[in-house]
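Visitor: The sequence and its predicted three-dimensional model are supplied below.
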Amino acid sequence: MDATFFVPVLLIAALLFGLILLARSARIVNQYEKGIVMRLGKFHGLVPSGLAIIMPLTDSVIRVDMREQVISVPPQKLITKDNVTVEVDAVVYYKVVDPVKSQFEVQDFGYACTTLAQTNLRNLIGDRTLDETLVARDMINTNLRHVLDEATNGWGVKVTRVEVQKIDPPRDITEAMSRQMKAERDKRASILEAEGFKQSQILQAEGVKQSEILKAEGDAQARVTRANAEAEAIRLVSTAAETFFKDRAEVMRRLDVLNNTLAQNTKYIVPSNSGLLNVLGLDSAAGPAAAAASAAMVPPKPSSPRS
């Protein structure tokens, strides 16, 4: 063959080989990933997100997802401290913080984390009774997260959250718990009803007591008011009598004395300047009536007996 024929073929082959090498040297790393460059089976470095150019034929890129992920721990039957079998499952949330350790320190993180969670759940449930297990769900979650986080720290993984989804006791235990809960609620209802009746009776008694007290206070206040009114009326009458009838009473008394004195038709001569007229209230200022009274008081002379 002519040499001019091989030249274009070689050029085309070289061009194709160059395109293949270029394609193998270009790698695309997503935004949520980190790229680990392996050169001849050995760690070489990290590449950021985007387009990465590596050495063809000798380099390879391992992509590590840096987003938070979840692992489901399958249900397993566990025995509590009081020998009750319960079925427990959980979910584990984790996030890769060191992509190199997550690839080189553990072979299968999902399987390792699941097995570790099951083992620690067995220990945590076995240290508590059924009642404590049912009410200590948050404590179990916290303790399990601490244990897993400490164990996975060397794997470049951070356990962010652990949630126990269900804790299912056997059916007969569930029915017994339901009956116990119903009895407790009936008991609380009876206690509340009795307390309500007691409080009602107390309030009624307090109301009757307050009513009687207010009624007694009202009666007492009414009696005091009536007594004060009567005393005031008596005082007003006494004041009026003393003001308007005192002088007339004295005149009437003097007239009574005069009446008694003149009862036997005895006449006395009383000088006008004597104090008796003043005593009787018949002084010279009385005028002709006083003079007539004085004349009337002169006793008659006794008649001489006939011889």
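Guide: In hand now; what should we look at? Numbers count the residues shown, from 1 in each chain.

Visitor: Sketch out the low-pLDDT regions of the stretch 1-150 of the chain for me.
Guide: Residue ranges of the stretch 1-150 of the chain with pLDDT under 70: 1-7.

Visitor: repeat that with 80
Guide: 1-11, 13-14, 17-19, 21-24 (pLDDT under 80).

Visitor: can you pull out the helices in it?
Guide: Ranges of helices in the stretch 1-150 of the chain, per DSSP state H, counting those that start in this stretch, are 3-25, 99-104, 109-126, 130-135, 137-152.

Visitor: what comes up buried for the third one?
Guide: If you call a residue buried by 16 or more other Cβ atoms under 10 Å, then helix 109-126 has these buried ones: 109, 112-114, 116-118, 120-121, 124-125. The C-beta positions use only the backbone N, C-alpha and C, and glycine is treated the same way.

Visitor: Quick one: work out the angle between that helix and helix 137-152.
Guide: Following axes from the mean of the first three to the mean of the last three Cα atoms, to 10 degrees, one obtains 140 degrees for the angle between helix 109-126 and helix 137-152.

Visitor: Tell me which stretches of the stretch 101-250 of the chain form strands.
Guide: 157-168 (DSSP state E, counting those that start in this stretch).

Visitor: re the thing from before, out of the helices of the stretch 1-150 of the chain, which gets nearest to residue 71?
Guide: helix 109-126 (5.4 Å; Cβ to Cβ).

Visitor: Pull the residues that contact the closest one.
Guide: Contacts of helix 109-126 from elsewhere in the structure, counted by Cβ atoms under 8 Å, 6 or more residues apart in numbering, are 71, 73-74, 76, 78-81, 86, 88, 90, 92, 94, 102, 106, 133, 140, 143-144, 147-148, 151-152, 155, 157, 159, 162, 164.

Visitor: and residue 255, what pLDDT?
Guide: Predicted confidence (pLDDT) for residue 255: 69.

Visitor: can the buried residues of helix 109-126 go into JSON lines with extra columns for distance to residue 53?
Guide: Below are the buried residues of helix 109-126 laid out as JSON lines (distance: Cβ to Cβ, whole Å):
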{"residue": "109", "distance to residue 53": "29"}
{"residue": "112", "distance to residue 53": "34"}
{"residue": "113", "distance to residue 53": "35"}
{"residue": "114", "distance to residue 53": "38"}
{"residue": "116", "distance to residue 53": "39"}
{"residue": "117", "distance to residue 53": "41"}
{"residue": "118", "distance to residue 53": "44"}
{"residue": "120", "distance to residue 53": "45"}
{"residue": "121", "distance to residue 53": "47"}
{"residue": "124", "distance to residue 53": "50"}
{"residue": "125", "distance to residue 53": "53"}
